[in-house]
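S.K.: any chance you could fold what I've pasted below:
(one chain, ligands or ions: 1)
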Amino acid sequence: METFDLIVVGAGPAGSTAAYQAARSGFKVLLLERGKSAGEKNVFGGRIYTHFLKKVFNGFPGDVPYERFVVRETVGIMDDKRCASFTFSDHSSEPSAADSFVARRSRFDKWLSEKAEEAGAVLVTSARVDDLYMSDGRVRGIVSAGDRIEARCVIDAEGVTASLSRKAGVRSDVTPGQFKIGVKETVEIGRERIDDIFALRDDEGLASVYIGYPSRYLPAGGAFIYTNRESVSIGVVLDPVEVSGKRVEVQELVEEFRLHPHIQRLIGRGKVIEYSAHMIPNSVPSNPQNLAGSGFMVAGDAAGFFINNGYTYRGVDLAIASGYCAAETFVEASKEGSFDAQSLRSYAQRLEEIGLLPDMRRFEGNQKVLHNSRIFSEYPGLVLDMISGLFAVKGFGKGKLSDTVKSTVYSRTSKFRLFRDIYSLYRNM
Ligand SMILES: Cc1cc2nc3c(=O)[nH]c(=O)nc-3n(C[C@H](O)[C@H](O)[C@H](O)COP(=O)(O)OP(=O)(O)OC[C@H]3O[C@@H](n4cnc5c(N)ncnc54)[C@H](O)[C@@H]3O)c2cc1C
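M.R.: From the prediction side, this is the model:
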């Protein structure tokens with residue numbers, strides 16, 4: 001039976017980066033992917049932060065299959081007919097110097113898996129890993145379609161379900177609070193229209209997030225739009241715990257968002273060319289024991305690495321960074337010849353050093369804010385009424401800014417509560 005130094009489960013950003021990094025160091029690596037090709041079934045909003053990709057691959061952007069670089073950001077609040085938004089654009093340098101780019105996962109994940117193959121990893125697609133092969137309390141390989149394949153170490157990069165990590169005992173059982181759900185459509189509207197309506201040109205792109213109406217005013221929910229070359233990705237993110245018991249058909253929300261008068265005027269009657277839904281991790285693995293066991297490490301979504309601070313969704317850069325650190329830990333452990341849980345603990349240490357775990361902890365407090373129902377249900381209407389009042393001229397006798405704020409805001413909510421919520425937003429986001 002053929003054995004490998006390292007088996008990586010899942011050719012998403014975490015798995016392919018781990019396989020690339022270990023293969024590059026001369027190890028015999030097997031990368032197993034259940035899809036027909038890498039990225040085939042993978043779903044995300046569309047934006048990838050470049051910082052760690054640049055560390056792993058020299059010469060960015062090189063042949064990275066980007067759609068557009070994000071030079072324009074919008075944050076918006078909506079009710080069913082109105083939208084107030086803040087837009088920031090930065091043209092101080094070349095678009096390719098932007099912190100992030102928009103990508104399509106079918107192309108990006110395929111590219112990344114090809115990099116792993118070029119480095120020497122063996123990629124096998126349509127290969128679902130069903131179980132771990134364990135003996136003496138240690139992971140010694142995997143089981144796929146009844147075949148046992150052995151390796152000195154296994155990295156679980158299978159994404160949010162993390163079923164192997166639960167089998168290995170490094171992650172606890174699934175609870176509803178561990179996930180969010182995201183639904184997304186890709187709408188083709190043509191390059192010219194995208195450039196015109198979003199004020200972009202060439203490789204420039206836009207990322208926008210909205211709260212309020214698109215997620216039915218439910219806490220921890222929101223919506224996004226990202227511009228591809230010829231199409232836009234639009235989607236809604238919801239917390240299943242907040243949805244339960246309410247009459248919300250999650251799959252309808254993205255259509256409602258697309259049909260909102262503001263969004264309609266942007267994207268018009270574009271053709272929906274893709275619809276998908278996927279879970280997003282919600283958990284914060286502050287305990288390093290959740291990251292490695294004997295002969296086993298977990299990276300990316302499977303480890304719960306996702307940061308949502310209300311205006312940025314980040315999972316792919318954390319997946320790339322954790323895949324890289326898991327591979328580096330494997331390389332180091334190989335020098336010692338020991339893959340027991342104690343040796344692999346240095347994986348958590350690496351994640352500390354690069355700042356990933358500190359970032360996760362820093363944003364732990366934002367869960368409190370994201371579940372404050374006033375921010376999602378009460379304040380959007382208040383803000384929209386106040387802005388509407390600011391611009392309205394119905395005749396003589398228009399009040400000053402302070403009159404509008406008093407009549408629309410303070411008359412409907414307590415000043416103390418409002419300031420406390422603003423302070424909490426300021427502190428935690
Ligand atoms: C709607 C939505 C919007 C998002 N928006 C953004 C965004 O804009 N920016 C961002 O950075 N992140 C975003 N994310 C999160 C991002 O998609 C994830 O954080 C990222 O994909 C995690 O990468 P990964 O490699 O850990 O897992 P995945 O990308 O999920 O890859 C896991 C791979 O493992 C394979 N696999 C699973 N089980 C098995 C098995 N048993 N055997 C073999 N193969 C298996 C899967 O097919 C898949 O290819 C979003 C997510 C969603 C759902």
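S.K.: what does the stretch 101-250 of the chain put close to the ligand?
M.R.: Taking C-beta under 6 Å from any ligand atom as the criterion, the stretch 101-250 of the chain approaches the ligand at residues 128, 129, 157, 158, 159, 182, 184, 235. Where you see a C-beta, it was placed from the backbone N, CA and C, and this is true even at glycine.
S.K.: cutoff 8 Å now
M.R.: For the stretch 101-250 of the chain, the residues in contact with the ligand (C-beta under 8 Å from any ligand atom) are 105, 109, 127-130, 144, 157-161, 163-164, 180-184, 207, 224, 226, 235, 237.
S.K.: buried only: go through those for me.
M.R.: 105, 109, 127, 129, 144, 157-160, 163-164, 180-184, 207, 224, 226, 235, 237 (16 or more other C-beta atoms under 10 Å).
S.K.: of those, which belong to helices?
M.R.: 105, 109, 163, 164 (DSSP state H).
S.K.: hmm, the second one is touching residue 14, no?
M.R.: Read it as residue 109. No: Residue 109 is beyond contact range of residue 14, at 10.6 Å (criterion: C-beta atoms under 8 Å).
S.K.: which stretches of the stretch 151-300 of the chain have low pLDDT?
M.R.: For the stretch 151-300 of the chain, applying pLDDT under 70 flags the ranges 283-286.
S.K.: any chance you could map the helices in it?
M.R.: 163-167, 191-197, 240-243, 250-258, 261-267 (DSSP state H, counting those that start in this stretch).
S.K.: need the residues that contact the fourth one.
M.R.: Counting contacts by C-beta atoms under 8 Å, 6 or more residues apart in numbering, the residues outside helix 250-258 that touch it are 181, 183-185, 187, 210, 213-216, 223, 234-236, 238, 243, 263-264, 267, 272, 275, 277.
S.K.: what is the burial count for residue 371?
M.R.: Residues within reach of residue 371, counting by other C-beta atoms under 10 Å, total 16.
S.K.: ends of stretch 143-160, what's the gap?
M.R.: End-to-end distance for stretch 143-160: 20 Å, by C-alpha to C-alpha, to the nearest Å.
S.K.: what comes up buried for that stretch?
M.R.: Taking 16+ other C-beta under 10 Å as the criterion, stretch 143-160 shows 144, 149, 151, 152, 153, 154, 155, 156, 157, 158, 159, 160 as buried.
S.K.: show me which pair in those residues is furthest apart.
M.R.: Greatest spatial distance in the buried residues of stretch 143-160: 152 and 160, 26.4 Å, computed using C-beta to C-beta.
S.K.: how close does the closest residue to residue 201 other than its chain neighbours get to residue 189?
M.R.: Nearest in space to residue 201, with sequence neighbours left out and distances taken as C-beta to C-beta, 6 or more residues apart in numbering, is residue 195 at 5.5 Å. From residue 195 across to residue 189, the span is 11 Å (C-beta to C-beta, to the nearest Å).
S.K.: return every residue with contacts to both of these two.
M.R.: Residues touching both residue 195 and residue 189 (C-beta under 8 Å, 6+ apart): none.
S.K.: more neighbours, the two?
M.R.: Applying other C-beta under 10 Å to residue 195 and residue 189 shows that residue 189 carries more neighbours, namely 19 against 15.
S.K.: ok, that one - contacts?
M.R.: Per C-beta under 8 Å, 6+ apart, neighbours of residue 189: 230, 231, 232, 267, 268, 270.
S.K.: same list (the ones in helices among the buried ones among the residues of the stretch 101-250 of the chain next to the ligand) but as JSON lines, adding distance to residue 295.
M.R.: Output for those, formatted as JSON lines (distance: C-beta to C-beta, whole Å):
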{"residue": "105", "distance to residue 295": "30"}
{"residue": "109", "distance to residue 295": "26"}
{"residue": "163", "distance to residue 295": "17"}
{"residue": "164", "distance to residue 295": "12"}
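S.K.: thinking again about what came up before, going by distance to the ligand, which of the buried residues of stretch 143-160 wins?
M.R.: Relative to the ligand, the closest of the buried residues of stretch 143-160 is residue 159; by C-beta to the nearest ligand atom it sits at 2.7 Å.
S.K.: how about the closest one, nearest residue that isn't a chain neighbour?
M.R.: residue 301 (4.6 Å).
S.K.: state the number of residues packed around residue 331.
M.R.: Residue 331 - counted by other C-beta under 10 Å - has 17 other residues nearby.
S.K.: could the buried residues of stretch 143-160 go into CSV alongside distance to residue 51?
M.R.: Output for the buried residues of stretch 143-160, formatted as CSV (distance: C-beta to C-beta, whole Å):
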residue, distance to residue 51
144, 34
149, 34
151, 30
152, 30
153, 27
154, 27
155, 22
156, 24
157, 19
158, 24
159, 22
160, 23
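S.K.: ok now the host helix or strand of residue 422, how far from the chain's centre?
M.R.: Secondary structure from DSSP states H and E places residue 422 in helix 415-428. Offset of helix 415-428 from its chain centre (C-alpha atoms, centre = their mean, to the nearest Å): 26 Å.
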